[in-house]
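Trainee: Need a 3D model of the sequence below.
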Amino acid sequence: MNYLQQLIDLRGLTCQDIANATGYGYHSVQKNVKGVRCNLPIREAIAKYLDVDASRIWGRGSVLYLRKLVAVEANRVAQERAEAARDNFLKKYSDSATLPAKRKAVNV
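Mentor: Below you'll find the predicted structure:
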């Protein structure tokens, strides 16, 4: 999996989503994302949909640029998951009367 695929995955997207939004075929989008094909109009449409610079996600220096984008996106996803886990925990144990009782039951 290349960095562009990782970025798409971290954003919760698929090649099918990009294909539907851009009007290009699924296989054409997939092959361009994988780097098998080099179709400039499709690559520009993919970059526009992802809101990134088309000239920087393919070609010289693309690995460093994409690696940085993946790191930022991974941190964002991790933060969202941590907040969701915290909210679920607080929702489950928000009653202050039950929290000590549950702690006692677990620590016995």
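
Trainee: Kindly state the pLDDT recorded for residue 16?
Mentor: Per-residue confidence (pLDDT) for residue 16: 97.

Trainee: And it, how far from residue 28?
Mentor: Separation of residue 16 from residue 28 (CB to CB, to the nearest Å) stands at 12 Å. Glycine gets a C-beta too; all of them are placed from N, C-alpha and C.

Trainee: Just want to know which of those two has more residues nearby.
Mentor: Neighbours per residue, other CB atoms under 10 Å: of residue 16 and residue 28, the larger number sits with residue 28, 18 against 11.

Trainee: The more buried one against residue 18, yeah?
Mentor: No: using CB atoms under 8 Å, residue 28 is not in contact with residue 18, being 10.2 Å away.

Trainee: Show me where the chain dips below the pLDDT cut-off.
Mentor: 95-108 (pLDDT under 70).

Trainee: Tell me where it has helices.
Mentor: 3-10, 15-22, 26-34, 40-50, 54-57, 62-92, 98-107 (DSSP state H).

Trainee: Any buried residues in the second one, and which?
Mentor: In terms of neighbour count (16 or more other CB atoms under 10 Å), helix 15-22 has its buried residues at 15, 18, 19, 22.

Trainee: okay, it in CSV with CA atoms only?
Mentor: C-alpha atoms of helix 15-22 as CSV (Å, rounded to 0.1, in the frame of the first residue of the first chain):
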residue,chain,number,x,y,z
CYS,A,15,-11.4,4.6,-4.9
GLN,A,16,-15.1,4.1,-5.6
ASP,A,17,-16.0,7.2,-3.7
ILE,A,18,-13.4,9.2,-5.7
ALA,A,19,-14.6,7.7,-8.9
ASN,A,20,-18.2,8.6,-8.2
ALA,A,21,-17.3,12.1,-7.2
THR,A,22,-15.0,12.8,-10.2
